[in-house]
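A.B. asks: Fold the stuff below for me.
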Amino acid sequence: MTDLDPVIHAQARLRVTAFLAALAPGETLTFPRLQKELGMTAGNLSTHLRKLEDAGYVHQTKTIDGRTPATHVSLTDAGRTAFETYTRTLRQLLQGDA
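C.D. replies: Prediction:
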């Protein structure tokens with residue numbers, strides 16, 4: 001049995017990853033939209049996104065929309081695979097297959 005991924009396992013990062021995994025591959029969300037949907041502070045979300053980005057699970061793209069900076073967030077292929085592995089492992093644990 002594989003251990004649960006500690007990067008994803010933290011409650012806030014699990015929420016971020018699960019929310020982004022519900023999007024189509026390659027689809028992005030703006031930082032403010034993700035923040036609103038998850039009900040997190042900007043600082044807290046930034047910290048968790050950085051940890052997920054360091055693991056290669058999330059990609060952040062910074063752009064300029066007119067004169068306004070915008071950050072777009074997406075789950076990478078590695079992040080999607082890690083989340084699928086995490087959820088499969090969790091199901092096995094809950095079913096007693098571990």
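A.B. asks: C-alpha only now, for contacts and for neighbours.
C.D. replies: OK.
A.B. asks: Output the helix or strand harbouring Ala82 as CSV, restricted to C-alpha atoms.
C.D. replies: Ala82 belongs to helix 77-95 when assigned by DSSP states H and E. C-alpha atoms of helix 77-95 as CSV (Å, rounded to 0.1, in the frame of the first residue of the first chain):
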residue,chain,number,x,y,z
ASP,A,77,-0.8,16.5,-15.2
ALA,A,78,1.4,15.4,-12.3
GLY,A,79,-1.0,17.0,-9.8
ARG,A,80,-4.0,15.3,-11.4
THR,A,81,-2.2,11.9,-11.2
ALA,A,82,-1.2,12.5,-7.6
PHE,A,83,-4.8,13.4,-6.7
GLU,A,84,-6.1,10.3,-8.4
THR,A,85,-3.5,8.2,-6.5
TYR,A,86,-4.4,9.9,-3.3
THR,A,87,-8.1,9.3,-3.7
ARG,A,88,-7.6,5.7,-4.7
THR,A,89,-5.4,5.1,-1.7
LEU,A,90,-7.9,6.7,0.6
ARG,A,91,-10.7,4.6,-0.7
GLN,A,92,-8.6,1.5,-0.1
LEU,A,93,-7.9,2.6,3.5
LEU,A,94,-11.6,3.2,4.1
GLN,A,95,-12.6,-0.1,2.6
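A.B. asks: in that helix, what's buried?
C.D. replies: By 16 or more other CA atoms under 10 Å, the buried positions in helix 77-95 come out as Asp77, Gly79, Arg80, Ala82, Phe83, Thr85, Tyr86, Thr89, Leu90.
A.B. asks: His59 is in contact with the first one, correct?
C.D. replies: No. Between Asp77 and His59 no contact is recorded; they are 9.9 Å apart, counting by CA atoms under 8 Å.
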